[in-house]
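> have a look; sequence and predicted model below, questions after that.
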Amino acid sequence: MTESSNNQRPVALVTGASAGLGSVFARTLAKQGYDLILVARRAERLEALAAELAELGAAGEVCPADLTKDADLARVEEKIRNCDRLTMLVNNAGFGLDKLFHESDLAGQSAMARLHVLAPTHLTHAALPGMVSRGSGAVINVSSVAAWLQGAGGVMYCATKAFLNSFTLSLAVELDGLGVRVQALCPGFTYTEFHDVLGMDRKLVPKFWWLDAQYVVDQSLRDLKRGKVISIPSARYKLLAGVFRAMPQWLMNRMGKKRHEELQRQREKKA
Ligand SMILES: NC(=O)c1ccc[n+]([C@@H]2O[C@H](COP(=O)([O-])OP(=O)(O)OC[C@H]3O[C@@H](n4cnc5c(N)ncnc54)[C@H](OP(=O)(O)O)[C@@H]3O)[C@@H](O)[C@H]2O)c1
């Protein structure tokens, strides 16, 4: 952390802090008394956020990194190992793809696997020894309700989010009684830049299903305090996740295929 930081304050490292849920996590944690380490590719966005956090009395260290690149990931891991005030890690950086797996560019699929699987694995592995030895800390892995979905167009997204849930649930068992909490945060559709990056028209999804990013973050932090390992913000998405879990596979497959076909049809109509 920078010289100006008050060294009594806990530190949170947030990946994907340049936009959406990550920036909301950073602002919310700053208000709760954390200093922040801000990770994403767009340095200028992180600088602007750090200036905002300074007005809240929090130190924000800017750490530009592309977490799909080995050298950048190793640099962030090193930062974590060297930070003895690290109390919270939020593995949030992510993106969506909506192409059939066999028709898509392998580089994009591979980048998603690196960002959603490899980066949280490495950063969590770097953070836990210190947290366990200090007997306190928390890791939030931003997953999705898509963790319980299978369907055309989102093969790697669903698979990587399912990994994050399973990873987190098993870690919770290992960490039980050691003072360190873990959570897989599973939001549904949330207003962020995610769908702009994906190139998806938000109007394709009824307003009823959209969540506010601040609401999602508040629910996550509230659930963390309560020790909930799987956090699903809102009653409607809790219910939906329950339906997904109970659904027979043939129905899930049919629904997944239909959803992709409908999205394709609506895109073609718009084009
Ligand atoms: N929005 C939703 O509806 C929704 C629903 C369920 C789950 N989620 C999950 O929520 C998380 C946050 O997404 P969001 O909705 O906040 O989307 P967002 O507004 O697009 O933000 C994504 C963040 O990830 C960062 N990022 C992307 N690629 C990166 C890379 N290679 N290295 C480092 N950082 C990278 C982006 O920063 P740079 O571009 O500056 O690198 C940005 O800060 C994701 O894991 C997503 O899967 C979102």
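Received, thanks. Numbers count the residues shown, from 1 in each chain.
> spatially nearest residue to the residue in the stretch 51-200 of the chain positioned nearest to the ligand, not counting backbone neighbours?
The ligand sits closest to residue 94 of the stretch 51-200 of the chain, with a gap of 2.3 Å, by Cβ to the nearest ligand atom. For every residue, glycine as well, the C-beta is placed using N, CA and C. Closest residue to residue 94 apart from its sequence neighbours, by Cβ to Cβ, 6 or more residues apart in numbering: residue 116 at 5.6 Å.
> for the residue of the stretch 51-200 of the chain closest to the ligand, give me its contacts.
Listed by Cβ atoms under 8 Å, 6 or more residues apart in numbering, the contact set of residue 94 reads 16, 112, 115-116, 142, 194.
> residues from the stretch 51-200 of the chain in reach of the ligand?
For the stretch 51-200 of the chain, the residues in contact with the ligand (Cβ under 6 Å from any ligand atom) are 66-68, 92-95, 115, 142, 144, 187, 189-190, 192-194, 197.
> what sits up against stretch 77-85?
1, 7, 9-11, 13, 35, 37, 63, 86, 89, 122-123, 125-127, 130, 134.
> recalculate using a threshold of 7 Å.
1, 7, 10-11, 13, 37, 63, 86, 122-123, 126-127, 130 (Cβ atoms under 7 Å, 6 or more residues apart in numbering).
> quick one: low-confidence ranges for the stretch 151-271 of the chain?
For the stretch 151-271 of the chain, the stretches with pLDDT under 70 are 270-271.
> distance from stretch 122-131 to the middle of the chain?
Relative to the centre of its chain, stretch 122-131 is centred 17 Å away, using Cα atoms, centre = their mean, to the nearest Å.
> quick one: mean pLDDT over that stretch.
For stretch 122-131, the mean pLDDT works out to 98.
> give me the local confidence score for the nearest residue to residue 64 once chain neighbours are set aside.
Among residues not flanking residue 64 along the chain, residue 43 sits closest, at 4.0 Å (Cβ to Cβ, 6+ apart). The score at residue 43 is 98. That number is its pLDDT.
> quick one: residue 43 and the ligand, what's the gap?
Per Cβ to the nearest ligand atom, to the nearest Å, residue 43 is found 8 Å from the ligand.
> I'd guessed that residue sits against residue 62; true?
Yes - using Cβ atoms under 7 Å, residue 43 and residue 62 qualify as a contacting pair, with a distance of 6.3 Å.
> who has more neighbours, these two?
A direct count of neighbours by other Cβ atoms under 10 Å for residue 43 and residue 62 places residue 62 higher, at 21 against 14.
> what segments of the protein are helices?
Secondary structure of the chain by DSSP state H: the helices cover 20-31, 43-55, 70-81, 106-113, 119-134, 155-175, 194-198, 213-225, 235-246, 249-270.
> which helices and strands does the first one pack with?
Using 3 or more Cβ pairs under 7 Å, 6 or more residues apart in numbering; DSSP states H and E as the contact criterion, the elements in contact with helix 20-31 are strand 11-15, strand 35-40, helix 43-55, helix 213-225.
> among the helices of the chain, which is nearest residue 207?
helix 235-246 (12.0 Å; Cβ to Cβ).
> if you rank the contacts of stretch 77-85 by neighbours, which is first?
In these, the most neighbours by other Cβ under 10 Å go to residue 13, 28 neighbours.
> show me what contacts the residue found closest to that one once you drop the neighbours it is linked to in the chain?
Sequence neighbours aside, residue 37 is the residue nearest to residue 13 in space, at 4.1 Å (criterion: Cβ to Cβ, 6+ apart). For residue 37, the contact set (Cβ under 7 Å, 6+ apart) comprises 11, 13, 61, 63, 79.
> I am finished for the moment; much appreciated.
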